[in-house]
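K.L.:
output the structure for:
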Amino acid sequence: DRLGPAKGIAQTAAVIGRVFRRDVLMAIARNRNADLDSALLDLVAAGLIMTAMTGPSGGFEFKQALIRDAAYQSLLIRTRRDLHLSVADELENRDDEGFHTEPEVIAHHLTEAEQPARALPYWTQAAEISAKRWANAEAVNFYLKALAANRQTKPDETAKEVGLLLDMVASMRIIDRFDEAFTALDQAEALSANVADNIDLIRVHYLRGNMYFPVGNIEGCLKEHSEACRLAREAGIAEYEARALGGIGDAYMLGGKMALAEHHFDRSVQICRQHDLVGIETGNLAMRAHMRLYLNRLGEDVEDCTRAIKLSIEAGNRRSEMVAKGSVLAKILVELGQWAEAEKSLRSALEIAENLGALRYIPMYQSQLVRILWATDRKEQAVAVAIDALDGARSDGMVYSGGMVLGACAKVCDDRKVAKGYLNEGLELLKSEVPAHNHLWFHLDAMDTALDWQDWDIVDRHADVFEAFAEPREIIWATFHIERCRLLAKVGRGTADDADQKRLKVMAEEARARSQIPAMQSIEMAVGSDS
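P.N.:
Predicted coordinates:
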């Protein structure tokens, strides 16, 4: 208040923001250069602002956010609104070389100036830019502001509302904000009944199917994606038919029907290649590889994964890159005993998951990292990662990766009583509806751990439960490991006959031919090797 003319400059600068350019301030304040520079010098001398940028335009920053807030709040509401409009006009009309204003900055000033119609396209643009660079929490915030502006401007424009809701849901899904996403999706579906565009309804079913996947709703996932696929095929929209086919593959994978899943992922890949839909191909190519692991088609899966990662990186699709590296390639490399390559792939996927906020993937990837650390004699690290993974899985409700994590925890636990507790908890968890990967990796770890303990009854117990899950679904990878562990338990008991010994040697050769080195070595340690 004692600054005289400099007070008005401070108030105007506060409207621009905590950091402000001299040339923008001059355009808004409409002061002569000498008066403006004098006021700025007074503000610097008073310790309220400091220089922040160099160059001909100059730049300053309020030393404290509270100082800026005090200057801002001291303005009359009408004056503040008019100044925001002046700032927005100035920023909109600037085309200086090297001068760029983020759309959310212009949108903010237009919103504060009570100009929702003008703010709407800027909030939408800001949301789209954030989503493209995988800043999905930021994107959701901007979509919410765009929706508010749309409702103030054109409350009856349903198509725009539906589009914004669906785009927001797509970002919410990636950062696991499912409750909000389902609510927004229900709103979009109700509104889409009044919209002629068939794509909106297709997207509603497709996105709902995508969200049913991580919460383990197999029936819902299959139903929604099947409806999206039907509508897309009827409308002749190849892009969404390919997306929905991948979603159907996801649903079958959830239920452990790997051959059916591989078939649908393969159909999606073929459509993508016919229509040059590279962005969609990347994810489904990786998932086709995933299914081929469980069908014991090793070799084909590595080739698919390598291409999926290459395409993802070229397209800047960080999520597809994460899935290809962590959800798929790392598992394949673990199965092949390529520990260093598997660890490199996993750590890259973990970093991406953390950056994207895709938190449900982290415990799953950590459970695979535990296996690698244990196999390479880094026992203390393995235990620490297992504990961290279990904490993460419990925070996420245990549905998506709890079984996998419990198996990994049992594998590295020194206290056999505690380890058996993990196995019992896992058995109870698998009685509920959880994704199939929990059954597959939990029982594999349980059987191999019991073999290490020489507790043959536990081996057989898990083999029986695992077989009841895997055999009806024809999961060849699982039935191979079930037979391997059962026969090794018979060798351990001393009840294996000549036929059992012969079968084990055949299995060792089969594993060698597929490069399943850990499986081959487990057999050869028990029965010896002729090589």
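K.L.:
please verify my assumption that Arg503 contacts Leu487.
P.N.:
Yes: the pair Arg503 and Leu487 qualifies as a contact (CB atoms under 8 Å) at a distance of 6.4 Å. (C-beta placed from N, C-alpha, C; glycine too.)
K.L.:
these two: which has the busier surroundings?
P.N.:
Leu487 (20 against 17; other CB atoms under 10 Å).
K.L.:
show me what contacts the residue nearest in space to the middle of the chain?
P.N.:
The chain has Ala358 as the residue nearest its centroid, 3.6 Å off, counting by CA atoms, centre = their mean. Taking CB atoms under 8 Å, 6 or more residues apart in numbering as the criterion, Ala358 is in contact with Ile174, Ile175, Asp176, Arg319, Met322, Ile352.
K.L.:
which of those residues has the most neighbours?
P.N.:
Met322 (26 neighbours).
K.L.:
so which strand or helix has that one?
P.N.:
According to DSSP states H and E, Met322 maps onto helix 318-322.
K.L.:
what does Lys431 give?
P.N.:
Per DSSP H and E, there is no helix or strand for Lys431.
K.L.:
what number of residues are in the vicinity of it?
P.N.:
8.
K.L.:
how much space between it and Ala446?
P.N.:
Relative to Ala446, Lys431 is positioned 15 Å away (CB to CB, to the nearest Å).
K.L.:
just Tyr400 next, same as before
P.N.:
Tyr400 is 19 Å from Ala446, by CB to CB.
K.L.:
thinking again about what came up before, between the contacts of Ala358, which is closest to Asp276?
P.N.:
Checking the contacts of Ala358 against Asp276 by CB to CB gives Arg319 as the nearest, at 20.4 Å.
K.L.:
which SS class is Met26?
P.N.:
Three-state call for Met26 (DSSP: H, G, I helix; E, B strand; the rest coil): helix.
K.L.:
ignoring the adjacent residues along the chain, who's closest to it?
P.N.:
Leu36 (5.4 Å; CB to CB, 6 or more residues apart in numbering).
K.L.:
surely Glu467 touches Thr479?
P.N.:
Yes: at 7.3 Å, Glu467 and Thr479 qualify as touching, with contact defined as CB under 8 Å.
K.L.:
on that earlier part again, got CSV for the contacts of Ala358, with pLDDT and distance to Leu110 too?
P.N.:
Converted to CSV, the contacts of Ala358 look like this (pLDDT from 0 to 100; distance: CB to CB, whole Å):
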residue, pLDDT, distance to Leu110
Ile174, 86, 28
Ile175, 87, 27
Asp176, 84, 32
Arg319, 90, 32
Met322, 95, 36
Ile352, 95, 35
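K.L.:
OK, contacts around Val44?
P.N.:
Per CB under 8 Å, 6+ apart, neighbours of Val44: Met50, Thr51, Phe60.
K.L.:
between Tyr400 and Ala446, who's got more neighbours?
P.N.:
Ala446 (29 against 24).
K.L.:
could you name the specific helix or strand carrying the more buried one?
P.N.:
helix 436-453.
K.L.:
now do that helix, average pLDDT.
P.N.:
Average pLDDT, helix 436-453: 96.
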